[in-house]
Structures are given as C-alpha cells and as structure tokens.
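Visitor: with the sequence up front, the predicted model follows.
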Amino acid sequence: MAVFLFRRILVSIPTLIGISLITFLVSHLLPADLVLVNLGDRATRNPELVSAFRARWGLDQPLLVQYLVYVENLARGNLGTSIATNRPVLTELALSLPMTIELATLATLIALVLGIALGVVAAVRRDTLVDAAARAVSLVGVAVPTFWFAILLVTLVYFRLGWAPPPGRLTAGVVPPAPITGMYLVDSALRGQWTVWRDTLAHLMLPVLVLATVGVGYVTRITRASMLEVLHQDYVRTARAKGVAPFAVVIRHALRNALIPVITVGGTLYAQLMSGTVMTETIFSLPGLGRYAFSSAASLDFPAVMGVALIVGILYVAINLIVDILYVWINPRIQYE
Amino acid sequence: MKPLPDVGNLGLKRRAGMFRWARAWGPNGWTRRRLGVVTGVIVVGIWVLGAVAAPFAPYGADEQRLLEAFQPPSVRHPFGTDDLGRDVLTRVLFGGRYTLSLALVVVLLTGLFGMTIGVIAGYFGGWVDEVLMRATEVVMAFPAIILAMAIVVALGPGLINAGLAMALVWWPPYARLARGETLVVRRLEYVEAAVALGQRPWGILWHAITPNILSTLIVLATIDLGAAVVTAAGLSFLGLGATPPTPEWGAMVSAGREILAQWWVASFPGLAIFMTVLGFNFIGDGIRDLRDPHRRGQG
C-alpha cells in the first residue's frame, strides 16, 4: 500500500507540471496586453513605467526563462506574488480556499447521504411510486442549471419568505472567529462561539443546498443502477435464503458491494466542486476560491490564476488518491501492487 | 366426447392481450422506453422551433417599450416584460438561437476531435497511446472554468470566444470513450480481415472502426448537449459569453438577477435552459436503453 501511494504521488507530478505549463502558456501567449490591463491607459503611455512593470514581473525575459524561474520558485513552495494585490499568492489562497472547501465538503456529504438513501430505496422498490419519485429527483438535479436554481432560491427563500439571511458569509456586525483552519464553521466550533457558528450555518444553508442538489442527482442515479446490478447477484439470493433480515441484506450484502461506482462519482463530484463553485459563490457573495479565480482572471493576474489552477490540480489528484484508498477499505479484494 | 367450453381459449386471448400491453408499457416496455426519447424530442423541439420561428413573434428581441416595463406575465406578454419593456417570451425564443447553436457546434467539433484522438490512441497503442492519453488526463485534471475565464478575458467576451474556451476542455471524455471502444472493436474479425486484405491503417480506422463505435459516441454526445447548454449559458451568466443586449439565456438570467421582485425576468430564460437539458437527457437515456437491453431501466 505504501509503495502504491508513493508511486501514485510520483505519477501525479507530471500531471501537475502539465497543468502549470498549460496555464503558463495560456496566460503568456494570449494576445492580451498584460501591461494595459494592469496599469491602465495613462500609465501605459509612460515608457518608463511600462519597462519597470515588465522588469518587475519578468516579462522582459524569454518565455522559457520565465517558466523556469516559475518552476524554481514553485519547488521552494513559492507560488509567486499577485500582481493585483502585491501579496504572496499562497497567502491569498489561504484566505479563499477554506470557504470553498467548507462549501464543497458540506455539499458532497449531503449529496452522498441523500443520494445513497434515495438510490437504495429506488432500487429495492423498483418500478413503484418511490422509484419514480427518486428518478424524477435525480433527473431534476442533473439537469437544473445551478446559477438559475440559486437565483430562484434567493428570490423565494430570502426575498419573499425571509427564511434565509441575505447573501454573504456572515451577518454584518458579526465578528468572524480568529482563524485556525480558516473555515468559519470549524473555527467557531473549536472556539466555542456558537452564535457565530449558527450565523455561518444559516448563511451556508442555501448555497450548500444548491450545490448538493446537483450532487444528489448524480449519486442517486449511480446508486440505483449499481444496486440493481448487485441485487441480482447470487450472494444476495443466498443471504436472503439463509434468512438474513431484509434490511441487513440490503445494507450489508448489497450496498457494500454496490458502493464502488458511487464512491467514484462522489470523488469526481467533490473534485469538480473545488473549481465549480464560481457561480454559487458569485450569487451568494461568498469570498471563496471561485470568486478569487474569477477576479484574478478578469485582471489577468497570471501568478494568481496559475496558483489557483495548481491548487485545484493538487486537490484533484489528492481526492482521486483518497478514492483509491476508499476502494480498498470498502472491498478488501482490491489490492494495489 | 363433449367439446370443452371455449372459456380457456378466451382467457388465453385476454392474457395475450395483456402480455402485449405489458411488453409495450411495462417497466421495460418498448413504448415506454421510446416515450422517453419522444418526450425529449418534443421538449427540445419546442425550443428549436421557437428559435426558428422567433422572427415571427409580434415583438422584436430588442424592441423597447419603456411604458410597459416590469409587467408581470399576462396574455399580451406571457412571460412578462423586463426593465426596458422588452417582451421576455420573444427574447427567450431568440435566445435559443444563440445557446442551442453554440452547444451544438461545440459538441459536434469536440466530439469529432476527441473521437479522432481516441481512435488513433486505441488502434496504434504503444507510445502513441501513452502520449495521447497522458495529454487527455492533464486536460481533464485542469480546472476548465479557470482556463475558460482566462481565455475569454484575453480575447474579449463573446459567443465565439466562449465556444473556443469550451472546446479546448470539452473533448477528453470523447477521446477516452473512443479509445475504449476501439480497443474492443479492433480485435474483431472484420478488422482482422481488413488488415489481412492489406488495407492501410487510415482506411481501417475510417471504414472498419469508426462506423462501429459511432453510435456509442452519439449517445454520449446527446446527453452531453445538455451539459454544453448549461456551460454555454453559465459562461454568459458570468459575463464571459454573450453580452447584453444579446438575448442569450444565461445572459438574460444574469440580467434578471438584479431585480428579484420581478421574478419572471430571470425565471423564464432559466426554465428554457432547464427544459432543454432535461430533454437532451431524456433522449440520450432513451437511446442508450434501446440500444443496450442489459442496462434497461438502470439509468
């Protein structure tokens, strides 16, 4: 197992280099005037300012040298400095990433719990009303555009009914907890600030609901399909024949064996959410990674964009690794060389 | 011998009738399966027809009637009017032209490109396969939306640029599927026969392999059209695709975001997106089930 993990991490390095190379090439070869975007009209007419800007960000060097400098810094754990804020990209990421992790984790957990429950019931009660309802839920979840669903929820739950607080991370005036992990929910709980905790949760409610709905769609679908396949297997019939309680057959014998594709989908979902929360964060005014990526791209702040792409790539690789480990835990017959 | 009463026969006939009914409408019935495809075609068809017929609407897409601004849905304006007094229904119908055609073009081009990559990788194997599939993996691991944003910011917002950004990251699933299918097909006898007859590799790829993996790819493409519609609209929603006053669905939802009290401005274009995606899903699932009886009812 240790050997496998080591090899997997080693193999993922080319992927990450590939990602950094693509982002680098895209941000440097695009026919856009970095100087104009960042300095503005008047400063661009001043040649001294322009050459100072180019020298400061290494734009006067050949492309290959620029990339090598970037990789060299990367190897030292230095993601560069943001052009827009002049602060280290790593510091900025540490501010925006926890918000997104909080959102994505909650949404994925809810999607998995609800989706697995719905999918199992739908498969066991196949072709009944419950099944039809579960299929309808999953279809809606898969097909609904998140940004539209988010706006509908804001209109209905906040604007009409007033059941949810207005968009934002905390109610104005509430002091955020002193950072430990940067995730307000975790930090406020660790520090015992339960009013802050409740306020954070109230603000996360709708965005998590939006993201979870999509997830529930996919998880229900795959759980139902996988369960239907497993329920026909001989060992399930054997378990029934020897008199195991129906509930135990479904959970212990069938579900456990049906879980592999579900975990795969869950992992993909989680990984996609890491870079797929831009719209939800925009609508609910949450300062997460998506919004940071968006504003960095809008100002062509290439060190920041490259930092985001790299972090998302690392998370993608890490989540896939966790999924592979979960496989072994669920099905001990799976062995990695 | 006394002849048996005809009752049994009658019962049999009735049962045969029920059997036929069940075969058509039962859980795995043909008609019911096709019903999904038919429903999907109708739902998508409504918006396609609407997009085609949009110029015949009584209002223009950009026709402003400021005195009629912010009207709720009514008989004159079934979807209401927006902040400039434009008829939302007319704009939603016109919107299909942009959103649907962009999705179609992106899926068609990337599908063909992905298929070519996948078939080549699967057929030639070895280092060709290794290189192509590694490249595919890198693109898959890449945060697509971030790449799209960078491209659009650099090239300027617009439907074509949004399509270009989408296309760059859209092809890997096709490449993977085509490769997998090619690996299966290439062991089959008719491919071996083509090789034995001395047909050139490109001829084999084009005449023996591609036609046999095409239908699987078409199923993926149909379901994928829905995802492409959402992504295209999403880019416009973020201000990276179509820009106002273009009546693109995502851009219209975005414009309606600022006026929550007039819910209809954002709701109806979003409903159009939702319905088309649902429709494409119905069609794709239906075709897959019809083609592959083993998976019937499991989707």
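Guide: Okay, I see it.
Visitor: residue ranges with poor pLDDT in the stretch 201-337 of chain A?
Guide: Scanning the stretch 201-337 of chain A with the threshold set as pLDDT under 70 gives A:335-337.
Visitor: what ranges do the helices span in it?
Guide: A:234-241, A:246-248, A:256-275, A:278-283, A:289-298, A:302-330 (DSSP state H, counting those that start in this stretch).
Visitor: contact partners of the second one?
Guide: It stands for helix A:246-248. The contact list for helix A:246-248, computed with Cβ atoms under 8 Å, 6 or more residues apart in numbering or on different chains, reads A:239-240. Yep, even glycine has a C-beta here, placed from its N, CA and C like the rest.
Visitor: again with the first one
Guide: Residues outside helix A:234-241 that contact it (Cβ under 8 Å, 6+ apart) are A:230, A:246, A:248-249, A:253-254, A:257.
Visitor: which one of the residues you listed has the most neighbours?
Guide: Using other Cβ atoms under 10 Å in any protein chain shown as the neighbour criterion, A:Ala254 leads these with 25 neighbours.
Visitor: so it touches A:Glu229, yeah?
Guide: No. A:Ala254 is not in contact with A:Glu229 according to Cβ atoms under 8 Å; the separation is 9.7 Å.
Visitor: ok, which stretches of the stretch 151-299 of chain B are helices?
Guide: B:159-170, B:172-185, B:189-196, B:201-203, B:210-237, B:249-256, B:263-291.
Visitor: ditto for the stretch 51-200 of chain A
Guide: Secondary structure of the stretch 51-200 of chain A (DSSP H, counting those that start in this stretch): helices at A:63-75, A:89-124, A:129-143, A:146-153, A:184-190, A:194-231.
Visitor: check which helices and strands the one helix or strand A:Gly40 maps to sits against.
Guide: Using DSSP states H and E, A:Gly40 maps to helix A:34-44. Helices and strands touching helix A:34-44, by 3 or more Cβ pairs under 8 Å, 6 or more residues apart in numbering or on different chains; DSSP states H and E, are helix A:47-56.
Visitor: now the helix it packs on: buried residues?
Guide: A:50, A:53 (16 or more other Cβ atoms under 10 Å in any protein chain shown).
Visitor: also stretch A:104-112?
Guide: Residues A:104-108, A:110-112 are the ones in stretch A:104-112 that count as buried (16+ other Cβ under 10 Å).
Visitor: geometric centre of the chain: which residue is closest?
Guide: Answering for chain A, as no chain was given. Centroid check for chain A by Cα atoms, centre = their mean gives A:Met274 as the closest residue, at 1.9 Å.
Visitor: that's the other chain; I wanted chain B
Guide: Central residue of chain B (Cα atoms, centre = their mean): B:Leu225, at 1.9 Å.
Visitor: quick one: residues contacting that one.
Guide: Contacts of B:Leu225 by Cβ under 8 Å, 6+ apart are B:103-104, B:107, B:280, B:284.
Visitor: how about the contacts made by A:Phe302?
Guide: A:23-24, A:27-28, A:34, A:83.
Visitor: change it to 7 Å
Guide: A:Ser27 (Cβ atoms under 7 Å, 6 or more residues apart in numbering or on different chains).
Visitor: follow-up on the earlier one: grab the nearest non-local neighbour of the residue nearest to the centre of chain B.
Guide: The shortest distance from B:Leu225 to any non-neighbouring residue, by Cβ to Cβ, 6 or more residues apart in numbering or on different chains, is to B:Phe280 (4.5 Å).
Visitor: my guess is that neighbour contacts B:Thr222. True?
Guide: Yes. Using Cβ atoms under 7 Å, B:Phe280 makes contact with B:Thr222 at a distance of 6.0 Å.
Visitor: which one's more surrounded, those two?
Guide: B:Phe280 (26 against 23).
Visitor: tell me the pLDDT at that one?
Guide: On pLDDT, B:Phe280 comes in at 92.
Visitor: that one: what's it in contact with?
Guide: B:40, B:44, B:222-223, B:225-226.
Visitor: and the residue of the stretch 51-200 of chain A found nearest chain B, how many neighbours?
Guide: Nearest residue of the stretch 51-200 of chain A to chain B, counting by Cβ to the nearest Cβ: A:Trp148, 3.1 Å away. Using other Cβ under 10 Å, A:Trp148 has 30 neighbouring residues.
Visitor: swap in B:Ala227?
Guide: B:Ala227 has 18 neighbouring residues, counting by other Cβ under 10 Å.
Visitor: now do the contacts for it.
Guide: With Cβ under 7 Å, 6+ apart, B:Ala227 has no contacts at all.
Visitor: how about A:Leu21?
Guide: If a contact means Cβ under 7 Å, 6+ apart, then A:Leu21 has no contacts.
Visitor: where's it, which helix or strand?
Guide: Assigning secondary structure by DSSP H and E places A:Leu21 in helix A:2-29.
Visitor: what angle separates that helix from helix B:159-170?
Guide: On the basis of axes from the mean of the first three to the mean of the last three Cα atoms, to 10 degrees, helix A:2-29 is oriented at 160 degrees to helix B:159-170.
Visitor: now do helix A:2-29: distance to the chain's middle.
Guide: Centroid displacement of helix A:2-29 relative to its chain, using Cα atoms, centre = their mean, to the nearest Å, is 18 Å.
Visitor: before we move on, the earlier item: out of the helices of the stretch 51-200 of chain A, nearest to B:Arg91?
Guide: Nearest of the helices of the stretch 51-200 of chain A to B:Arg91, taken as Cβ to Cβ: helix A:146-153 at 15.4 Å.
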